[in-house]
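Asker: next one to model:
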Amino acid sequence: MILSVLEKAQQLQAEANRLREDDVARTEAARVLARIDDVSMVLGALQQAVATAHRLNRHSAASVDVSAALNGCDQFARVTAAGLPPNSVFTTAQQAIRQTTEQINRQVAAAWKTWTTSRIAVLPLLRLTVLAAREQATCRKRLEDLHRLARKTAPSPTDVDLFATSCDLLADALDTVPDPEPAVLAILHRLDQKPVTTLQDLSDDEIALLRTAGVAGQIELHRRDT
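Answerer: As a prediction, the model looks like this:
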């Protein structure tokens with residue numbers, strides 16, 4: 001009887017140990033899953049930064065370095081391959097990922113500003129004045145969109161693609177017309193100034209020049225109240 005009771009106690013002790021080990025395993029698994037979710041959030045930001053850098057490198061002459069992101073991911077993979085890592089490993093990984101993301105984003109911001117500024121600067125925008133009214137309105141809207149995108153300090157991959165496409169479309173539209181003559185630009189500049197230019201302020205030759213340049217349709221005449 002004593003032997004059977006002892007054996008039963010030993011069996012209960014073994015079962016208790018097994019159950020305790022299962023509880024620990026469940027708790028440990030929950031801990032790791034929670035920390036993985038935390039790391040996944042910062043990894044998402046890093047992935048966005050790397051994607052933007054790649055897109056910017058492809059469209060421009062920029063050379064944003066993303067090697068730090070690859071090295072950090074390799075190191076984290078090696079640590080986790082040995083088993084369930086402690087919280088300190090996840091904390092260190094999150095800090096490293098954030099630092100790498102900030103580093104890449106700083107490079108992206110600098111390259112983005114340089115690229116967008118240079119692309120807009122080479123556009124022959126003076127030709128906007130000689131485009132047909134509807135085409136001119138479309139191009140001016142596209143130019144506004146380019147400036148809006150260029151002002152972004154944290155562009156997305158979609159922003160990079162959109163800027164490149166819009167800039168190419170605007171450049172193609174401007175290539176369909178020649179550079180306006182200086183005399184035409186001078187007249188248009190006068191018309192934009194205050195006080196308002198009246199019809200008697202324009203000579204017959206100037207009016208003819210506006211017609212020849214194809215911009216007369218952009219000028220409206222209104223009778224002044226007397």
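
Asker: the closest residue to Pro124 other than its chain neighbours: how many residues sit nearby?
Answerer: In space, and not counting its chain neighbours, Pro124 is closest to Leu174: 5.1 Å by CB to CB, 6 or more residues apart in numbering. C-betas here are computed from N, CA, C, even on glycine. Neighbours of Leu174 under the rule other CB atoms under 10 Å: 20.

Asker: how far away is Leu174 from Ala51?
Answerer: Noted for Leu174: a distance of 31 Å to Ala51, by CB to CB, to the nearest Å.

Asker: buried set for stretch 168-185?
Answerer: By 16 or more other CB atoms under 10 Å, the buried positions in stretch 168-185 come out as 170, 173-174, 177, 180, 184-185.

Asker: quick check: closest non-adjacent residue to Ser166.
Answerer: Nearest to Ser166 is Arg142, by CB to CB, 6+ apart, at 5.3 Å.

Asker: that neighbour against Leu169, yeah?
Answerer: Yes: Arg142 lies in contact with Leu169 (CB atoms under 8 Å); the separation is 6.5 Å.

Asker: isn't Ala173 right next to Glu135, touching?
Answerer: Yes: counting by CB under 8 Å, Ala173 touches Glu135, with 6.4 Å between them.

Asker: where does this protein have low pLDDT?
Answerer: Applying pLDDT under 70 to the chain flags the ranges 1-21, 23-25, 71-84, 225-226.

Asker: repeat that with 50
Answerer: Along the chain, segments meeting pLDDT under 50 span 1-6, 8-9, 12.

Asker: quick one: the helices in it, in order.
Answerer: Under the criterion DSSP state H, the chain contains helices at 2-59, 67-80, 87-121, 133-150, 157-174, 182-191, 204-213.

Asker: in CSV, list those helices along with distance to Arg224.
Answerer: Conversion of the helices of the chain to CSV gives the following (distance: least, CB to CB, whole Å):
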stretch, distance to Arg224
helix 2-59, 50
helix 67-80, 65
helix 87-121, 38
helix 133-150, 23
helix 157-174, 35
helix 182-191, 15
helix 204-213, 18
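
Asker: closest to Arg127 out of the ones you listed?
Answerer: helix 157-174 (4.7 Å; CB to CB).

Asker: residues in contact with Ala68?
Answerer: Ala68 makes contact with 100, 103-104, according to CB atoms under 8 Å, 6 or more residues apart in numbering.

Asker: which residue, other than its chain neighbours, is closest to Glu206?
Answerer: Glu206 sits nearest to Ile187 (CB to CB, 6+ apart), 5.5 Å away.

Asker: and for Thr153?
Answerer: Using CB to CB, 6+ apart and skipping the chain neighbours, the partner closest in space to Thr153 is Ala109 (5.4 Å).

Asker: burial of the residue nearest to Ser166, as a residue count?
Answerer: For Arg142, the neighbour count with other CB under 10 Å is 15.

Asker: next: Ile104.
Answerer: Burial of Ile104 is recorded as 23 neighbouring residues (other CB under 10 Å).

Asker: what's the answer for Leu70, then?
Answerer: Counted with other CB under 10 Å, the neighbours of Leu70 add up to 11.

Asker: repeat that for Cys139.
Answerer: By other CB under 10 Å, the residues close to Cys139 number 19.

Asker: go on, Pro157?
Answerer: Pro157 has 16 neighbouring residues, counting by other CB under 10 Å.

Asker: pretty sure it sits against Ala53.
Answerer: No: at 9.1 Å, Pro157 does not count as touching Ala53 under the criterion of CB under 8 Å.

Asker: who's in contact with the residue lying closest to Ser60 once chain neighbours are set aside?
Answerer: Nearest residue to Ser60, sequence neighbours excluded (CB to CB, 6+ apart): Trp115, at 4.1 Å. Contacts for Trp115 were tallied using CB under 8 Å, 6+ apart; they are 56, 59-62.
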